[in-house]
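# quick one, structure for this:
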Amino acid sequence: MRSDVFRTFEKMPARALMYATGLSPTDIEKPLIGIISSATDLVPGHADMINLERFIERGVAEAGGTPLIARVPAICDGIAMGHRGMKFSLPLREVVADSVELVANAHALDGLVLLTACDKITPGMLMAAARLNIPSIIVTAGPMLAGRLGKERLDLVTHTFEAIGRYKKGELTLEELKELELRACPSSGACQGMFTANTMACLTEALGMSLPYTGTSPAPLAEKKRLAKMAGARIVSLVKEDIKPRDIMTPAAFRNAVRVDNALGGSTNTVLHLKAIAEEAGVDFDIKLFDEISRKTPKICSMRPGGKYLMEDLHYAGGIPGVLKNLLPLIESNPTVSGADIREIGKNAKIYDDDVIKTMDNPYSPEGGLAILYGNLAPEGAVVKQSGVSPKMFKFTGTARVFNSEEEAMEAVMQGKIKAGDVVVIRYEGPKGGPGMREMLAVTAAIIGMGLGESVALITDGRFSGGTHGPCIGHISPEAAAGGPIGVVKDGDKIRIDIPERKLELLISDEELEERLKNFKPIEKEVDSKLLRKYRRTVTSASRGAVHIV
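Sure thing, here's the model as predicted:
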């Protein structure tokens, strides 16, 4: 074990310091298990994690390990959305990965239970597990319960972000808006739909890095505590058996995760995160894989945003094992942290609602939820959640309305300056340009809420929340700050979107585009944060997962 370093004569000083924390000599003889938690009062998805820490501790101790808790920071993207705070969200992913690496190596931990939730923390934890490659298991803290207003079930995106647009349109009164504000988020947990946090929790399970049903089990349930305890016990076995993350996160595991992602209609952010996790795991992973698999994987779940169901519905219908069961002809054999093969988990699953989890021969749509578009506007690709786009907008040609920041675009939307037939272009919000690659949920939700979801498209080198739906295309690469073609789009240009043909094109001649690019000098925004300046120097394109050059 890695902790054998502390058992030599020469490491007496280290042992003395460990005794100072309350450990005994017998504790130090056991496997040292780090419970790396992102518990914080700041984030609803993490607010009750301290309870889960206790149950993980119990599991570790009962199985013969020594549990040791450390914590990493967390950010709530919903709270950070629409202002400067969102610039810090994607950089957090790297901070989390680095923090786990620092602690695990400095203290020679034998194994890790990574307790996580929310958009960037879960991929950061997975990146750390892949990078360290010591026995690890993920516990995702679970989704929030649905809000209620009479018989209507509420979720954060539909009933707050999109409600703002409905209020501006005159469909809601201020009193109704305030009631939704109080009722939309009734418990701790990750926001209720198949937004980024919950998509990543589901894909962690599909990758084989968490126990069955962990990804969908709601945060307030006693079941979640039992799963946490089981994970604590299981990590001790993983250490003794020397089963490591790269034994589990194989190329087949990533392909399975992409299949599940497409079947669920998950967040576009998974394109960034799976690419980054795969790089840490040493797995060759091209974003084209999303499109190749999407063409062959039907969408068998209808999840909000844009769908019917919430995370609790998916859990009670059979969870990710149920999804695997109905995708079984496509799922590749691969080990999991549970000790069972992923196909075995799917084969033994039960499905309790065949409208929440449909069969492959009766899907919600014949293709998966995500598509990768290419063209002269996106030579390295762009991402759209096609499952959240009205069929009326699958082919759309519109007039460019160009903005160099999210704030400029939001102001135009709220002032009613965006009209049917427009393509809102938001640039200089990519990994380097932002810097930080902000999500655009506030803008996209306002457009949907104002009833423009079937007449206005939005394209950006930034990204979207998992709560975004509608004709919204993000991750355009190369970004404007890196000299990409989105930087030379002008007001009044025509832009063609063709999702079935996977095309995103600026309708000018090749000669004119070449001339514009030749004379193009990207804007470099002033940045008053040392962290963001450092981030901008090292971050790569979204097409590479916004990973960092070191």
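
# tell me the SS of Arg148?
Under DSSP: H, G, I helix; E, B strand; the rest coil, Arg148 falls in the strand class.

# residues touching it, list them.
Leu154, Arg183, Pro186 (C-beta atoms under 8 Å, 6 or more residues apart in numbering). (Each C-beta comes from the backbone N, C-alpha and C, glycine too.)

# equivalent analysis for Ile508, please.
Here Ile508 is in contact with Asp493, Arg516 (criterion: C-beta under 8 Å, 6+ apart).

# with Ser541 instead?
Contacts of Ser541 (C-beta under 8 Å, 6+ apart): Glu380, Gly430, Pro431, Ser477, Pro478, Glu479, Ala482.

# can we see that at 10 Å?
For Ser541, the contact set (C-beta atoms under 10 Å, 6 or more residues apart in numbering) comprises 380-381, 430-432, 461, 475, 477-479, 482, 484, 547.

# go on, Met414?
Met414 neighbours (C-beta under 10 Å, 6+ apart): Ile164, Gly165, Lys168, Ala442, Val443, Ala446, Met450.

# which among the residues you listed end up buried?
Ile164, Gly165, Lys168, Ala442, Val443, Ala446, Met450 (16 or more other C-beta atoms under 10 Å).

# send the alpha carbons of stretch 49-68 over as PDB?
Only the C-alpha atoms of stretch 49-68 are listed here, as PDB (Å, rounded to 0.1, in the frame of the first residue of the first chain):
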ATOM      1  CA  MET A  49     -22.900  16.300   2.200                       C
ATOM      2  CA  ILE A  50     -21.700  16.300   5.800                       C
ATOM      3  CA  ASN A  51     -24.300  13.600   6.600                       C
ATOM      4  CA  LEU A  52     -23.100  11.500   3.700                       C
ATOM      5  CA  GLU A  53     -19.500  11.900   5.000                       C
ATOM      6  CA  ARG A  54     -20.600  10.300   8.200                       C
ATOM      7  CA  PHE A  55     -22.100   7.300   6.400                       C
ATOM      8  CA  ILE A  56     -19.000   6.900   4.200                       C
ATOM      9  CA  GLU A  57     -16.900   7.000   7.300                       C
ATOM     10  CA  ARG A  58     -19.000   4.200   8.800                       C
ATOM     11  CA  GLY A  59     -18.600   2.100   5.700                       C
ATOM     12  CA  VAL A  60     -14.800   2.500   5.600                       C
ATOM     13  CA  ALA A  61     -14.300   1.800   9.300                       C
ATOM     14  CA  GLU A  62     -16.600  -1.300   9.300                       C
ATOM     15  CA  ALA A  63     -14.700  -2.700   6.300                       C
ATOM     16  CA  GLY A  64     -11.300  -2.300   8.100                       C
ATOM     17  CA  GLY A  65     -10.000   1.000   6.700                       C
ATOM     18  CA  THR A  66      -9.200   4.300   8.400                       C
ATOM     19  CA  PRO A  67     -11.300   7.200   7.100                       C
ATOM     20  CA  LEU A  68      -9.800  10.600   6.700                       C
END
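
# tell me the buried residues in that stretch?
Using 16+ other C-beta under 10 Å as the test for burial, stretch 49-68 gives 49, 51-61, 63, 65-68.

# the strands in the stretch 101-250 of the chain, which residues?
111-116, 136-140, 147-149, 152-154 (DSSP state E, counting those that start in this stretch).

# out of those strands, flag the one nearest Ala412.
strand 152-154 (28.6 Å; C-beta to C-beta).

# after that closest one, which helix or strand is next?
Along the chain past strand 152-154, the next helix or strand (assigned with DSSP states H and E) turns out to be helix 156.

# now what about that next one, what contacts it?
Outside helix 156, the residues touching it (C-beta under 10 Å, 6+ apart) are 44, 78, 144, 147, 162, 184-185, 190-193, 195, 304-305, 441, 465, 467.

# now the buried members of those residues.
If we count by 16+ other C-beta under 10 Å, the contacts of helix 156 have these buried: 44, 78, 144, 147, 162, 184-185, 190-193, 195, 304-305, 441, 465, 467.

# show me the strands in this structure, by range?
32-37, 66-71, 111-116, 136-140, 147-149, 152-154, 370-375, 378-385, 395-403, 422-426, 457-460, 472-477, 494-498, 503-506 (DSSP state E).

# nearest to Arg234, out of those strands?
strand 136-140 (5.9 Å).

# the closest residue to Val424 other than its chain neighbours: how many residues sit nearby?
Leaving out its chain neighbours, the residue that sits closest to Val424 by C-beta to C-beta, 6 or more residues apart in numbering is Leu458, at 4.3 Å. Close neighbours of Leu458, defined as other C-beta atoms under 10 Å, add up to 25.

# so what pLDDT did the spatially closest residue to Val236 that is not a sequence neighbour get?
Leaving aside its sequence neighbours, Val236 sits nearest to Ala63 (C-beta to C-beta, 6+ apart; 3.8 Å). Predicted confidence (pLDDT) for Ala63: 98.

# and the nearest residue in space to Ile248 that is not next to it in sequence, how far from Val337?
Leaving out its chain neighbours, the residue that sits closest to Ile248 by C-beta to C-beta, 6+ apart is Gly208, at 4.5 Å. Applying C-beta to C-beta, to the nearest Å, the value for Gly208 to Val337 is 6 Å.

# identify the contacts common to those two.
Ile138, Pro245, Asp247, Ile248.

# helices of the stretch 301-450 of the chain, start to end?
Along the stretch 301-450 of the chain, the segments classed as helices by DSSP state H, counting those that start in this stretch run 311-317, 319-326, 342-347, 406-414, 441-449.

# and those, which one averages the lowest pLDDT?
Taking the mean pLDDT of those, helix 441-449 comes last: a mean of 90.

# just give me the neighbour total for the spatially closest residue to Phe6 that is not a sequence neighbour.
Ranked by C-beta to C-beta, 6+ apart and with sequence neighbours excluded, the top spatial neighbour of Phe6 is Ala14, at 5.4 Å. Per other C-beta under 10 Å, the neighbour tally for Ala14 reads 16.

# got it, and Ile33?
Ile33, neighbours per other C-beta under 10 Å, totals 30.

# please shift the residue numbers so they start at 39 in all later answers.
New numbering, starting at 39: the last item is Ile71.

# my read: it touches Leu152, true?
No - checked against C-beta atoms under 10 Å, the pair Ile71 and Leu152 is beyond contact range at 11.1 Å.
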